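S.K.: One predicted model, sequence on top.
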Amino acid sequence: MTAQDYKRIADQFGTPLYIYETERIEENLSNILTFIEYPRIKVYYAAMCNNQSGILKIINYLGLGVQVSSDHELNLAKESGFNSSDISFTSTGISKELMKKLIEEGIEINLDSVEEAEKFCAMISNRTFGIRVRIPKRIKIVSDGATNIFSDSNIGIEEKDFDIIKEIAKKTGNRITGVHGYLASNVHDTKYFIEFGDFLVNVASEFTDLKYVNFSSGFGVKYSEKDKDFNFKRVLHYYSCLMSKLSESFGREIFLKIEPGRTLLADAGSLLVKITNIKTLNPYKSEISVNAGFAELARPKIYDSYHEIENLEKAGKPEKLYDVRGNTVLQNDFLGQDRTLEQVKEGDYLLIRKVGAYGIVMASGFPGKKLPRQILIQKDKTEVL
């Protein structure tokens, strides 16, 4: 879209405004699928990155499954049209009540502990479940921008407990048919995925009733020029080769599953904001206040994350150095610092890029703000979410 398109949208819907473009979601999915050579593949969208109903309906229309991690997300997925057979549940600390619901609705579940396996098997027999395995500390992630790294938690079942899990399942006639692993979020260096893939497939080979291996996701997004473009070709080719060998060893095709979220949604969403004040700091630098900040987009403050900020009022004016902040009482509510933009004035519009993932879902309204509106653009129509 052009700068004029965004300004027309601002006039129609106001600001701050999240804008999502379905065409970009489709392109991102196509890019991922291009590099998967293995025939038995299931892609689940990680709903935690953006669980808005309009987004989920697009994901469903594209033929993907959905990975959920809470009762609320499960309900949203069902309301958005997903069949139980297309929903995968992975989380921690599952209560008896939620476990019962997942069992009754036939949701695929990946259990996180021996205790959860005991809980599951006490409720039902002759069913199947997957396990979420703990990634070994020998896989050490050193990656700028990576978050939610496995080594910072106790997520997953350790290898030493596999025999216990197998025995619990066997006694109740249940079968362990899936292995799930989660490396981290927004990792750019592919070597970690190679190590992770080797580990996960090796673990999976221990389970005789295996039907799937879920590599989850964590694929990095290029937020700034210093970030690498993620090498999908290398990682997904390697996963495909691993699964071909694994299937050959079992004498049957095992499903390869992945759960992209950020890589589908990040660059499909932007946040349109309006300049409310410009404060001169010195002759060379000013501070722009806009009508959105931590309340609407928390990532810059929580993760010190970088998002491109575009001036929609370009007219060949001189450039200047700016800090861009939310117009809130928070002292360090910055969306970007030391950004070079063509000179701006109060009332101009800025566009904050690549906020489709972990944008609105992390927005709290704190301090003292309403949550921003959202629209979804689908070719010839615009839908308010």
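M.R.: Good, I have the coordinates.
S.K.: helices and strands of the protein: which one has the lowest mean pLDDT?
M.R.: strand 381-384 (a mean of 92; mean pLDDT, DSSP states H and E).
S.K.: what's in contact with that one?
M.R.: Outside strand 381-384, the residues within contact range by C-beta atoms under 8 Å, 6 or more residues apart in numbering are Ile9, Phe13, Gly54, Arg373, Gln374, Ile375, Leu376. (C-beta placed from N, C-alpha, C; glycine too.)
S.K.: how does this structure divide up, domain by domain?
M.R.: Taking automatic domain parsing as the reference, the chain has its domains at 3-17+267-384, 22-265.
S.K.: Turn the ones you listed into JSON lines, including mean neighbour count.
M.R.: Formatted as JSON lines, the domains of the chain follow (neighbours: other C-beta atoms under 10 Å):
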{"stretch": "domain 3-17+267-384", "mean neighbour count": "17"}
{"stretch": "domain 22-265", "mean neighbour count": "18"}
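S.K.: What is the host helix or strand of Thr263 packed up against?
M.R.: Using DSSP states H and E, Thr263 sits in helix 262-265. If contacts are counted by 3 or more C-beta pairs under 8 Å, 6 or more residues apart in numbering; DSSP states H and E, helix 262-265 sits against helix 22-34.
S.K.: Mean confidence (pLDDT) on the helix it packs on, please.
M.R.: The average pLDDT for helix 22-34 rounds to 97.
S.K.: Now do that helix: distance to the chain's middle.
M.R.: Distance, stretch centre to chain centre, for helix 22-34: 15 Å (C-alpha atoms, centre = their mean, to the nearest Å).
S.K.: same check, this time on stretch 252-266
M.R.: Relative to the chain's own centre, stretch 252-266 is displaced by 11 Å; criterion: C-alpha atoms, centre = their mean.
S.K.: mind checking the end-to-end distance for it?
M.R.: 36 Å (C-alpha to C-alpha, to the nearest Å).
S.K.: Neighbouring strands of the longest strand seen in the chain in the sheet, and parallel or not?
M.R.: Longest strand of the chain, by residue count under DSSP state E: strand 269-282. Sheet partners assigned to strand 269-282 using DSSP bridges are listed as strand 17-21 (antiparallel), strand 285-290 (antiparallel), strand 349-352 (antiparallel).
S.K.: Other residues contacting it?
M.R.: Everything outside strand 269-282 that qualifies as a contact, by C-beta under 8 Å, 6+ apart, is 6, 9-10, 15-21, 50, 286-292, 296-297, 323, 327, 344-357, 359, 372.
S.K.: one more time with 7 Å, if that's ok
M.R.: Residues from elsewhere that reach strand 269-282 (C-beta atoms under 7 Å, 6 or more residues apart in numbering): 6, 9-10, 15-20, 286-292, 296-297, 327, 344, 346-353, 355-356, 359.
S.K.: can you check stretch 149-160 too?
M.R.: For stretch 149-160, using C-beta under 7 Å, 6+ apart, the contacting residues are 92, 112-114, 131-135, 137, 141, 165, 182-184, 203.
S.K.: what is the mean pLDDT for that stretch?
M.R.: 84.
S.K.: What of stretch 46-62?
M.R.: Here stretch 46-62 scores 97 as its mean pLDDT.
S.K.: any chance you could map the helices in this structure?
M.R.: In the chain, the helices defined using DSSP state H lie at 3-13, 22-34, 53-61, 71-79, 96-104, 114-123, 162-171, 190-204, 232-250, 262-265, 299-303.
S.K.: Just send those helices back as a markdown table, with distance to Lys279 too.
M.R.: Below are those laid out as a markdown table (distance: least, C-beta to C-beta, whole Å):
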| stretch | distance to Lys279 |
| --- | --- |
| helix 3-13 | 23 |
| helix 22-34 | 34 |
| helix 53-61 | 36 |
| helix 71-79 | 40 |
| helix 96-104 | 49 |
| helix 114-123 | 53 |
| helix 162-171 | 59 |
| helix 190-204 | 42 |
| helix 232-250 | 43 |
| helix 262-265 | 33 |
| helix 299-303 | 19 |
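S.K.: re the thing from before, which ones among the contacts of stretch 149-160 are found in strands?
M.R.: Residues of these located in strands (DSSP E): Ile131, Arg132.
S.K.: any idea which of the contacts of stretch 149-160 is closest to Gly106?
M.R.: Closest to Gly106 out of the contacts of stretch 149-160 is Ile131 (18.2 Å), distances taken as C-beta to C-beta.
S.K.: does the closest one really touch Ile165, like I thought?
M.R.: Yes: Ile131 lies in contact with Ile165 (C-beta atoms under 7 Å); the separation is 6.2 Å.
S.K.: what sits in contact with each of the two?
M.R.: Here Ile131 and Ile165 have Ile157, Ile176 as joint contacts, going by C-beta under 7 Å, 6+ apart.
S.K.: Next, work out how far apart the residue lying farthest from the centre of the chain and Leu350 are.
M.R.: Distance from the C-alpha centroid of the chain, by C-alpha atoms, centre = their mean, peaks at Pro283 (41.1 Å). Distance, Pro283 to Leu350, by C-beta to C-beta, to the nearest Å: 22 Å.
S.K.: Equivalent analysis for Phe294, please.
M.R.: Taken as C-beta to C-beta, the span from Phe294 to Leu350 is 16 Å.
S.K.: cool, and Ser95?
M.R.: Remark: distance between Ser95 and Leu350 (C-beta to C-beta) = 44 Å.
S.K.: And for Val68?
M.R.: Taken as C-beta to C-beta, the span from Val68 to Leu350 is 34 Å.
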